[in-house]
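A.B. asks: Show me the folded form of this:
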Amino acid sequence: MTRPRTRVDAHVKVLDDDVATLAKERGIDALVYAPHFTRLPTIRDRAARYSDDDLTVVPAREVFTGDWGNRRHVLAIGLSEPVPDYITFEAAMAEFERQDAAVLVPHPGFATISLTRPEIAAHADRLAAVETYNTKLLPHQNARTRRIAEATGQPGFGSSYAHLRGTVG
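C.D. replies: Just a heads-up that it's a prediction; the model follows:
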């Protein structure tokens, strides 16, 4: 017996009628909606508004940890309370753990805004998955993300990292 596949775009920044329609047309079953600098209640309300029998929209936050010049992005799913941007990485991770949120690593090793392989390895037991495919990255960058996930023993996930409506899914 085979099970139907669930298709998830695990990191999108935009959400409106056009995005929901396009996701459905592209066979996406779920979107993880995590816009920058948006309050968690607003994210939750928008996710609920666009969820229906054909598309589940999961509210999430991509939290910027550290200061602007030395920030690291982490994607938290299942938050019960807001977590502010620009708190320390350790404080963010402690808060995610307290809330029993799943922590994903978006675009690992990308520029100066992402967790590095040593950081992922050091916190592997606190992470749920590492992004191994991002449509915004070049092929050699996606290959690097897969190597990072493999080297750190983390499961992978893919995303469109859609900042524009037409790139979802």
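
A.B. asks: Settle this for me: residue 82 is touching residue 39, isn't it.
C.D. replies: Yes - between residue 82 and residue 39 there is a contact under Cβ atoms under 8 Å: 6.6 Å. Just so you know, the C-beta spots here come from the backbone N, C-alpha and C atoms, and that holds for glycine as well.

A.B. asks: who touches both of the two?
C.D. replies: With contacts taken as Cβ atoms under 8 Å, 6 or more residues apart in numbering, not a single residue reaches both residue 82 and residue 39.

A.B. asks: What helices and strands are in contact with the longest helix seen in the chain?
C.D. replies: Counting residues, the longest helix found in the chain (DSSP state H) is helix 139-152. Here helix 139-152 touches helix 117-122, strand 129-134, strand 156-159, going by 3 or more Cβ pairs under 8 Å, 6 or more residues apart in numbering; DSSP states H and E.

A.B. asks: Show residues contacting it.
C.D. replies: 107-110, 117, 120-121, 124, 129-134, 137, 154-156.

A.B. asks: again with stretch 79-89
C.D. replies: Residues from elsewhere that reach stretch 79-89, judged by Cβ under 8 Å, 6+ apart: 37, 39-41, 59-61, 63-68, 71-72, 74, 76, 92, 95-96, 99, 101.

A.B. asks: Which parts of that stretch count as buried, going by neighbours?
C.D. replies: 79, 83, 85, 87, 89 (16 or more other Cβ atoms under 10 Å).

A.B. asks: Likewise for stretch 40-52?
C.D. replies: Applying 16+ other Cβ under 10 Å to stretch 40-52 flags 40, 43, 44, 46, 47, 50, 51 as buried.
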